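Chemist: Sequence unavailable; structure follows:
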């Protein structure tokens, strides 16, 4: 019988990679807490109707990519393909609006889409994102963009590019949609198959096509910005001015529409060319109609999400994180020494040190080799001689300097040891 393997589109995140994930998560928590955003954790699966109504039945996500099944209660259930619809449902269901003011929320976790796996894109993927619910002010748009920029820069990414657009109101988009379909219809047979299908279902998504011939066709298509009403135009101008005031560089990309139906007004993507080729690491925008669309009162909102897999690839290439290593590696030989070493290990851990305890019971030479491989700062050695004298041998791995110290003294000098470790 063959070994069972992970499903296509899923992958194990192994210990040597986890340090990058932990770095992103810790940095995100710090950036968001300083902006007083609170974490929310919606369920991994929801009623399918939530995503059909929220994302839009005409989108590729709902039409082709969702993991949907019928449960024992004959209900249609879907593993979340994104977070925003679930966060908005939680906002409505738990009456977060009753707290007054805006809700600043952030999230982290896995999501699921049935699409072709590739580097940085899996069928089970992970997102970090935020939602600011309850304000239509352009300053809210700029706040979330600024926080996304803060997070990426705090992680060490420097070659960032902000693409900005406005998709206007529903009325603006409907006017533009009519003009776009009129322009594209004569080229219908020259479009790629996906774009031909989108022509009647979701024509704005044709602007995102990666097909070369389709890109050539849409190059001369009507410009969405020319169809913005006065309100939309004013909102967009204010967003641009505020970004300039903050010193956040951007470029207008009139082809940027994002992939989900719920966007209104501001749409944006942050890209990085740190890998030598441009890659979108974060995207989002305003979605003023979604709360009402899902059964709540009319409530403006804006937010973004970033894919952690693609971000981790960038950080790995740039070596922006490194695996943690032990402060101490504890070596022991002999029954009494091994038991004493376990007690000493736990006492050091309680003092806040990272301590790895060798359980092999093998010869000292083999244990020292493992200590070297662990990249520990120092090694603690306990043998029968140390047990008799009540001492422990402390060896600094970089200098090979050794000292015999009473165990009680070692524990009492924790501050001194910590200072030496950070030099």
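Modeler: It's in. These figures come from a predicted structure and were not determined experimentally.
Chemist: In terms of residue numbering, what are the domains of this protein?
Modeler: 15-168+228-318, 328-421 (automatic domain parsing).
Chemist: Mean neighbour count, these: which tops it?
Modeler: Mean neighbours per residue, mean count of other Cβ atoms under 10 Å, is largest over those for domain 15-168+228-318, with a mean of 18. All C-beta atoms are positioned from the backbone trio N, CA, C, and that covers glycine.
Chemist: State the distance spanning the first to the last residue of that one.
Modeler: Taking Cα to Cα, to the nearest Å, domain 15-168+228-318 runs 19 Å from one end to the other.
Chemist: now that domain: how far from the chain's centre is it?
Modeler: Distance, stretch centre to chain centre, for domain 15-168+228-318: 10 Å (Cα atoms, centre = their mean, to the nearest Å).
Chemist: Quick one: mean pLDDT for it?
Modeler: Computed over domain 15-168+228-318, the mean pLDDT rounds to 91.
Chemist: about what we covered before: and residue 215, which of the domains of the chain is closest to it?
Modeler: domain 15-168+228-318 (9.1 Å; Cβ to Cβ).
Chemist: Looking at the nearest residue to residue 229 once chain neighbours are set aside now. What's its pLDDT?
Modeler: Using Cβ to Cβ, 6 or more residues apart in numbering and skipping the chain neighbours, the partner closest in space to residue 229 is residue 172 (5.5 Å). With respect to pLDDT, residue 172 scores 89.
Chemist: Give me the buried positions along the helix or strand encompassing residue 172.
Modeler: Under the criterion of DSSP states H and E, residue 172 resides in helix 170-184. By neighbour count on 16 or more other Cβ atoms under 10 Å, the buried set for helix 170-184 is 172, 173, 175, 176, 179, 180, 184.
Chemist: ok, and what's touching that helix?
Modeler: The contact list for helix 170-184, computed with Cβ atoms under 8 Å, 6 or more residues apart in numbering, reads 167-168, 191, 199, 203-204, 206, 217-218, 221-222, 224, 227-229, 232, 264, 289.
Chemist: Please apply the same query to stretch 67-78.
Modeler: 45-51, 66, 79, 81, 112-114.
Chemist: Which of those residues sits closest to residue 415?
Modeler: Of all those, residue 112 has the smallest distance to residue 415: 47.8 Å, by Cβ to Cβ.
Chemist: Once you drop chain neighbours, what's closest to the closest one?
Modeler: Distances taken as Cβ to Cβ, 6+ apart place residue 79 nearest to residue 112, at 4.1 Å, with adjacent residues excluded.
Chemist: correct me, but the one you found touches residue 109?
Modeler: No: applying Cβ atoms under 8 Å, one finds residue 79 not in contact with residue 109, separated by 11.5 Å.
Chemist: Identify the contacts common to these two.
Modeler: Joint contacts of residue 79 and residue 109 (Cβ under 8 Å, 6+ apart) are residue 44.
Chemist: My understanding was that residue 207 contacts residue 218; is that so?
Modeler: Yes: taking Cβ under 8 Å as the definition, residue 207 is a contact partner of residue 218 at 5.6 Å.
Chemist: Kindly point out which residues are neighbours of both of these two.
Modeler: residue 255.
Chemist: rewinding a little: for the following helix or strand past the helix holding residue 172, which outside residues touch it?
Modeler: Sequence-wise, the next helix or strand downstream of helix 170-184 (DSSP H and E) is helix 193-201. Helix 193-201 is contacted by residues 58, 60, 63, 181, 184-185, 188-189, 191, 205-206, 209, 211, 214 when judged by Cβ under 8 Å, 6+ apart.
Chemist: would you say residue 266 is within a helix?
Modeler: No: according to DSSP: H, G, I helix; E, B strand; the rest coil, the state of residue 266 is strand, so it is not within a helix.
Chemist: Pretty sure it sits against residue 164.
Modeler: Yes: with contacts counted by Cβ under 8 Å, residue 266 reaches residue 164, the gap being 7.3 Å.
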